[in-house]
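Q: quick one, what's the 3D model for this:
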Amino acid sequence: MHLTRSRWMLGLLLALALVATACGGDNGGTDVGTDTTQGGDSEETIEHPAGSAMAEIQDRGIITVGTKFDQPLFGLKRATTGEVEGFDVEIAKLIAEAIDPDLEIEFVETPSAVREDVLVNGDVDMVVATYTINDTRKERVGFAGPYYVAGQDIMVPAGNPEDIQGVDDLNGKRVCSVQGSTSIENVREQAPEAEVTEFGTYSQCADAMSDGRVDAVSTDNVILVGLIDQSDGAFKLVDNPFTEEPYGIGVPKDDQAMRDFVNDVLEEIFESGEWAEAYESTVGTVAETTPEPPEIDRY
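A: Predicted coordinates:
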């Protein structure tokens with residue numbers, strides 16, 4: 001009788017131990033579907049309006065983002081790992097996390113000339129690719145933001161052999177910029193006598209300047225800073241910007257709900273410091289100071 005009672009007590013203790021272990025495992029794991037906007041304390045799944053782009057993306061479990069693959073500091077695909085990195089990439093990740101922390105992100109290479117096309121054709125859900133907001137583009141796509149304001153500048157060979165000090169000095173010079181960019185239109189407008197060369201990417205412009213086919217490259221200063229950083233001292237910045245370029249998040253035209261959602265996320269990451277962290281870990285590794293976030297334009 002005593003032996004039987006001992007065995008019964010032992011079985012009870014083992015059962016209680018198993019229950020305690022199981023409960024402890026629930027608390028120590030990661031909660032799938034946790035609303036990170038509530039600091040990870042809520043167990044409720046993030047809910048978006050039925051039929052909205054955010055709800056469709058969440059149901060699909062993956063978001064497709066158009067970005068550049070050859071833009072140092074903003075969107076650069078590493079040949080060794082296949083990973084895409086940069087400020088635009090980090091901004092896209094923060095937006096995706098706000099839709100659903102468990103979303104997968106597929107980055108699609110999106111050069112300047114096709115940014116409107118990939119949105120109009122539904123090839124991507126949004127474009128984060130040093131994408132200047134302007135009225136012409138608004139005729140085909142919508143914009144959230146801006147999330148950054150750049151200024152167009154000029155990159156020249158080290159030593160500046162043509163003594164290019166500003167946009168007026170581009171007249172009569174061989175200047176490279178990218179097809180479909182505001183930069184190439186700005187050069188044509190402000191230096192009408194420049195001999196303009198167009199390529200699909202800025203890395204091709206940099207190559208053209210390296211081998212003497214062009215005298216200068218002109219685009220947004222932060223793009224040029226990335227190319228200069230990779231040039232091992234071969235290039236320099238004129239440092240005389242002549243435009244303002246507000247970068248926006250491209251979304252399908254007339255999707256007001258998507259635009260409002262992204263604008264809300266941008267304002268949240270401005271306030272939380274996540275925007276500054278994203279900048280400092282990318283562009284800030286080369287730039288001397290971290291700027292203040294711009295004011296959102298809810299047109």
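
Q: from now on I want contacts and neighbour counts done on CA atoms only, so please keep to that.
A: Will do.

Q: list the contacts of the residue nearest the centre of the chain.
A: Centroid check for the chain by Cα atoms, centre = their mean gives Asp88 as the closest residue, at 1.6 Å. When contacts are counted by Cα atoms under 8 Å, 6 or more residues apart in numbering, Asp88 touches Thr67, Phe74, Gly75, Val128, Ala129, Thr130.

Q: ok, which stretches of the stretch 51-200 of the chain are helices?
A: Taking DSSP state H, counting those that start in this stretch as the criterion, the stretch 51-200 of the chain contains helices spanning 53-60, 87-99, 115-120, 135-138, 182-190.

Q: list of residues touching the shortest one?
A: Counting contacts by Cα under 8 Å, 6+ apart, the residues outside helix 135-138 that touch it are Glu116, Lys253.

Q: tell me where this protein has strands.
A: 62-67, 70-71, 75-77, 84-85, 104-109, 126-127, 141-150, 152-157, 174-178, 195-199, 216-220, 235-237, 245-252 (DSSP state E).

Q: figure out which of those is closest to Asp117.
A: Proximity to Asp117 (Cα to Cα) singles out strand 141-150 among the strands of the chain, at 9.1 Å.

Q: what's the angle from that closest one to helix 87-99?
A: What separates the directions of strand 141-150 and helix 87-99 is an angle of 130 degrees, with axes from the mean of the first three to the mean of the last three Cα atoms, to 10 degrees.

Q: how far is strand 141-150 from where the chain is centred?
A: Averaged C-alpha coordinates place strand 141-150 at 11 Å from its chain's average position (Cα atoms, centre = their mean, to the nearest Å).

Q: quick one: it to strand 216-220, angle?
A: Computed by the same axes, to 10 degrees, the angle between strand 141-150 and strand 216-220 is 110 degrees.

Q: list the helices and strands strand 141-150 packs on?
A: The criterion is 3 or more Cα pairs under 8 Å, 6 or more residues apart in numbering; DSSP states H and E, and the helices and strands that strand 141-150 contacts are helix 115-120, strand 245-252, helix 256-272.

Q: just those: most buried one?
A: strand 245-252 (a mean of 24; mean count of other Cα atoms under 10 Å).

Q: now do that one against strand 216-220, angle only.
A: Orientation of strand 245-252 against strand 216-220 (the same axes, to 10 degrees) gives an angle of 60 degrees.

Q: show me what strand 245-252 is packed up against.
A: Secondary structure elements in contact with strand 245-252, counted by 3+ Cα pairs under 8 Å, 6+ apart, are helix 115-120, strand 126-127, strand 141-150, helix 256-272.

Q: give the pairing partners of the third one; include direction for each.
A: According to DSSP bridges, strand 141-150 has the following sheet partners: strand 245-252 (antiparallel).

Q: outside of stretch 180-195, which residues touch it?
A: Identification of contacts with stretch 180-195 by Cα under 8 Å, 6+ apart yields 112-114, 132, 152, 167-178, 196, 198, 218-220.

Q: start and end of that stretch, how far apart?
A: Between the opening and closing residues of stretch 180-195 lies a distance of 17 Å (Cα to Cα, to the nearest Å).

Q: now do it: distance to the chain's middle.
A: The answer for stretch 180-195 is 25 Å, by Cα atoms, centre = their mean.

Q: what's the answer for stretch 49-60, then?
A: That offset, for stretch 49-60, works out to 21 Å (Cα atoms, centre = their mean).

Q: picking that back up, nearest to Leu237, out of the helices and strands packed on strand 245-252?
A: Of all the helices and strands packed on strand 245-252, strand 141-150 sits nearest to Leu237, with 14.1 Å by Cα to Cα.

Q: which non-adjacent residue is nearest Phe87?
A: Phe74 (4.5 Å; Cα to Cα, 6 or more residues apart in numbering).

Q: just give me the neighbour total for the one you found.
A: Neighbourhood size, Phe74 [other Cα atoms under 10 Å]: 26.

Q: low-confidence ranges, the protein, go.
A: For the chain, applying pLDDT under 70 flags the ranges 1-44.

Q: what lies in contact with stretch 272-281?
A: Contacting residues not belonging to stretch 272-281 are listed as Phe87, Glu90, Ile91, Leu266, Ile269, Phe270, Thr290, Pro293 [Cα under 8 Å, 6+ apart].
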